[in-house]
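Asks: predicted model and sequence follow; I will ask about them next.
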Amino acid sequence: MSRIGKHPVALPAGVEVKVSEGNLVTVKGPKGELSEQVSKLVNIEVVEGAVVVSNPNPGDRNFNAAHGLSRTLINNMVVGVTAGYEKKLQMIGVGYKAEKKGNTLVLSLGYSHTIDLVDPEGIETAVTSPTEISVKGIDKALVGNYAAVIRSKRAPEPYKGKGVKYVDETIRRKEGKAGAKKK
């Protein structure tokens with residue numbers, strides 16, 4: 001039995017959960033509405049202000065994996081429609097900056113051209129300072145994916161540490177050439 005899956009997902013005030021045919025879970029809350037097709041291997045019930053995910057076959061590995069994953073997906077949707085998710089990115093390098101034009105994020109990352117990224121549906125980006133970007137949304141997977149797309153435009157390099165990185169990310173630095181003089 002999954003250790004994560006056996007914990008019920010508590011529903012805060014103002015959050016509604018509906019389970020449709022084929023384990024389509026819809027969560028509606030103050031920030032919006034999310035739907036997810038959850039594995040058909042598990043049973044999902046809404047009981048007294050909580051969502052309970054049960055495993056009909058606790059001995060099988062596939063059932064156990066689906067049990068924990070299904071519970072986590074439902075919990076992520078509940079957290080998303082109540083508090084939302086946010087990822088912060090930081091740009092390190094001379095001349096690296098970002099600006100917002102409408103729903104387009106314009107990045108200057110040391111290339112001969114700027115990189116224009118249009119915010120996807122359900123995602124909001126904000127430039128808190130010229131070198132910091134905040135990605136917000138209610139869907140955890142979309143927020144993480146879009147933050148990874150922004151980071152991939154100039155991933156941090158290990159010698160000087162230049163590039164786009166997450167705020168809480170640590171870049172492992174490498175030493176330069178052994179015989180090179182350092183200034």
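Replies: Structure received. Residues are numbered from 1 along each chain as shown.
Asks: contact partners for Lys160?
Replies: Shown in contact with Lys160 (C-beta atoms under 8 Å, 6 or more residues apart in numbering): Gly93. In short, each C-beta sits where N, CA and C put it, glycine included.
Asks: distance check, it against Val51.
Replies: For Lys160, the distance to Val51 equals 48 Å [C-beta to C-beta, to the nearest Å].
Asks: so what does the spatially closest residue to Val167 that is not a sequence neighbour look like in phi/psi?
Replies: Residue nearest to Val167 in three dimensions, not counting chain neighbours: Lys88, with 4.2 Å by C-beta to C-beta, 6 or more residues apart in numbering. Dihedral pair for Lys88: phi -110, psi 140, per degrees, to the nearest 10.
Asks: need the contact list for Lys88.
Replies: 128, 132-135, 166-168.
Asks: could you list the low-pLDDT ranges of this structure?
Replies: 1-2, 179-183 (pLDDT under 70).
Asks: show me the strands in it, by range?
Replies: 9-10, 16-20, 24-29, 32-37, 43-47, 50-54, 85-92, 97-101, 104-108, 115-118, 123-129, 132-137, 163-166 (DSSP state E).
Asks: just put the ones you listed in TSV and tack on distance to Gly68.
Replies: Shown next, in TSV, are those (distance: least, C-beta to C-beta, whole Å):
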stretch	distance to Gly68
strand 9-10	12
strand 16-20	18
strand 24-29	15
strand 32-37	15
strand 43-47	13
strand 50-54	9
strand 85-92	20
strand 97-101	37
strand 104-108	35
strand 115-118	34
strand 123-129	27
strand 132-137	24
strand 163-166	25
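Asks: so which of the ones you listed gets nearest Lys174?
Replies: Lys174 lies closest, by C-beta to C-beta, to one member of the strands of the chain: strand 163-166, at 13.7 Å.
Asks: pull up the pairing partners for that closest one, direction included.
Replies: If you go by DSSP bridges, strand 163-166 pairs up with strand 85-92 (antiparallel).
Asks: what distance separates the strand it pairs with from the centre of its chain?
Replies: With C-alpha atoms, centre = their mean, to the nearest Å as the basis, strand 85-92 stands 11 Å off its chain's centre.
Asks: same check, this time on stretch 39-57
Replies: The chain centroid and the centroid of stretch 39-57 are separated by 24 Å under C-alpha atoms, centre = their mean.
Asks: buried set for that stretch?
Replies: For stretch 39-57, burial by neighbour count (16 or more other C-beta atoms under 10 Å) applies to 39, 41-42, 44, 51-55.
Asks: got a list of contacts for it?
Replies: With contact meaning C-beta under 8 Å, 6+ apart, stretch 39-57 is reached by 1-2, 5, 8-11, 17-19, 22-23, 25, 38, 62-64, 66-67, 69-71, 74, 78.
Asks: grab the most central residue of this structure for me.
Replies: Nearest residue to the geometric centre of the chain (C-alpha atoms, centre = their mean): Gly144, 2.8 Å.
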